[in-house]
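J.: Need a 3D model of the sequence below.
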Amino acid sequence: MMAAGLLPILAFAKGPKAASEATNPVAIAMMSVAALLVLAIYITSRLLIQQAKVKVERFKKEQKENLAKAGTIGVVILLCFFSGPLFAQDAGAVTQAVAAPVILSDSSFYALCAVIGAELIILLGLLSQLQAMMKEEAVKVAGASFETEAEAVAKESSFKKWWQKANKFKPIQEEASIDLGHDYDGIRELDNRLPPWWLYGFYLCIIFACVYLWRTEVSHSAPSTIEEYQASVAEAAVAKEAYLAKAKSSVDESSVKFLTGASDIESGKKIFTTVCAACHLADGGGIVGPNLTDDYWLHGGSIQDIFKTIKYGWPEKGMKSWKDDYSPLQIAQLASFVKSLHGTKPAAPKEPQGELYKEDNTSAPAKDSLKKDSAKVSAFIH
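T.: As a prediction, the model looks like this:
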């Protein structure tokens, strides 16, 4: 990380250079890690080779029946020497990554991750071989037989060994050795270490946090949490618009809602001006059809009633059905525009017709007799 931070500063002090992927902080950091892992592999392989040489010398002095085991050591030695070609391959991979474009591409990033992962696997393999050889050497020094050790290891299942290593807690019989001497109502305090699986998980979380912080806040090669949130909100808005458009197209008289959007009202106004103004006037005052701006309605004044009236019509009263001419969405927009005319002031409003309608979905129980009577008188005079 220090090298990744210092190299761009030193390069800038000598003057600006042509941008390349090698100047990317993430690439520099990952190549530094790869180089350190190659060095660790080389050192470990040298130690393993020295340990193998000592073991070979000892095996030469043993009985002839142990010569078969020397083949296994030879395989280990060949594995150690195999690290040399791997070093050349890793170096080539790093060199290839340096020659990439100015922005660290996904392929280069994952290639460097693959190189580092391969080096970690090789290093872990060499360390496990070295640990096995050193453990065997310790057993021999203590006077234990190699055959006896092999039999004991064979009897113990691999899963059980892994479980014990992953947990590595003190059994009940040995709790006295970690007792801190504090007793609270029969509850004893023990100095028991956290299990390795928890510690390794915690270490991995720290490494992940460092990489995440570097990518999101330093190199900006990955979106931050705020950017991810904004992208999610934008996607949700698009999904919402798609859902609403689909929902509007499937409405009927029981599910229709009053549309208050400017685009919906404008679309309803265009339809009203085209097909409804001939009977109701453009301002809704009414000619042949009733006045749409007052509180009186012939067939109900709710948005559901208006939608139903437009959709099925009233042929006996001269109102045709428009369900075959317009989609459910267009009928909903038209009904919403008609609903929006309530309370406006038309130029020549027609006298009220029908029953009084209130917005709480309750209608007047009786007709306005005064209005009816005046209408009859006016008709009689004429």
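
J.: could you pull out the helices for the stretch 151-300 of the chain?
T.: Using DSSP state H, counting those that start in this stretch, the helices of the stretch 151-300 of the chain run over residues 158-167, 196-213, 225-248, 262-271, 277-280.

J.: Rebuild those helices as JSON lines, extending it with distance to residue 341 and mean pLDDT.
T.: To be clear about C-beta, it is placed using only N, CA and C from the backbone, and glycine gets the same treatment. Below are the helices of the stretch 151-300 of the chain laid out as JSON lines (distance: least, Cβ to Cβ, whole Å; pLDDT from 0 to 100):
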{"stretch": "helix 158-167", "distance to residue 341": "75", "mean pLDDT": "76"}
{"stretch": "helix 196-213", "distance to residue 341": "57", "mean pLDDT": "92"}
{"stretch": "helix 225-248", "distance to residue 341": "21", "mean pLDDT": "87"}
{"stretch": "helix 262-271", "distance to residue 341": "10", "mean pLDDT": "92"}
{"stretch": "helix 277-280", "distance to residue 341": "9", "mean pLDDT": "90"}
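
J.: Against residue 27, how distant is the closest residue to residue 257 other than its chain neighbours?
T.: Nearest residue to residue 257 in three dimensions, chain neighbours excluded: residue 303, at 6.9 Å (Cβ to Cβ, 6 or more residues apart in numbering). Distance of residue 303 to residue 27, given as Cβ to Cβ, to the nearest Å: 62 Å.

J.: Pick out whichever of these two has more residues nearby.
T.: Set residue 303 next to residue 27 and count neighbours by other Cβ atoms under 10 Å: residue 27 wins out with 25 against 18.

J.: got a pLDDT number for residue 136?
T.: Looking at residue 136, its pLDDT is 71.

J.: what helix or strand does it sit in?
T.: Using DSSP states H and E, residue 136 maps to helix 106-141.

J.: Also residue 337?
T.: For residue 337, the element it lies in under DSSP H and E is helix 328-340.

J.: for that helix, packing partners?
T.: Applying 3 or more Cβ pairs under 8 Å, 6 or more residues apart in numbering; DSSP states H and E, one finds that helix 328-340 makes contact with helix 225-248, helix 262-271, helix 303-312.

J.: Which one of the helices of the stretch 151-300 of the chain lies nearest to residue 339?
T.: Judged by Cβ to Cβ, the one of these that comes nearest to residue 339 is helix 262-271, at 9.1 Å.

J.: Dump the closest one to CSV, keeping only the CA atoms.
T.: Once non-C-alpha atoms are left out, helix 262-271 reads as follows in CSV (Å, rounded to 0.1, in the frame of the first residue of the first chain):
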residue,chain,number,x,y,z
ALA,A,262,-50.5,17.0,-15.8
SER,A,263,-49.9,14.6,-18.8
ASP,A,264,-53.0,12.5,-17.9
ILE,A,265,-55.2,15.6,-17.6
GLU,A,266,-53.9,17.0,-20.9
SER,A,267,-54.5,13.7,-22.7
GLY,A,268,-58.1,13.6,-21.3
LYS,A,269,-58.7,17.2,-22.4
LYS,A,270,-57.7,16.4,-26.0
ILE,A,271,-60.2,13.5,-26.1
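
J.: What residues of that helix count as buried?
T.: Buried residues in helix 262-271, counted by 16 or more other Cβ atoms under 10 Å: 264, 267-269, 271.

J.: again, but for stretch 309-324
T.: By neighbour count with 16+ other Cβ under 10 Å, stretch 309-324 contains the buried residues 309-311, 319, 322.
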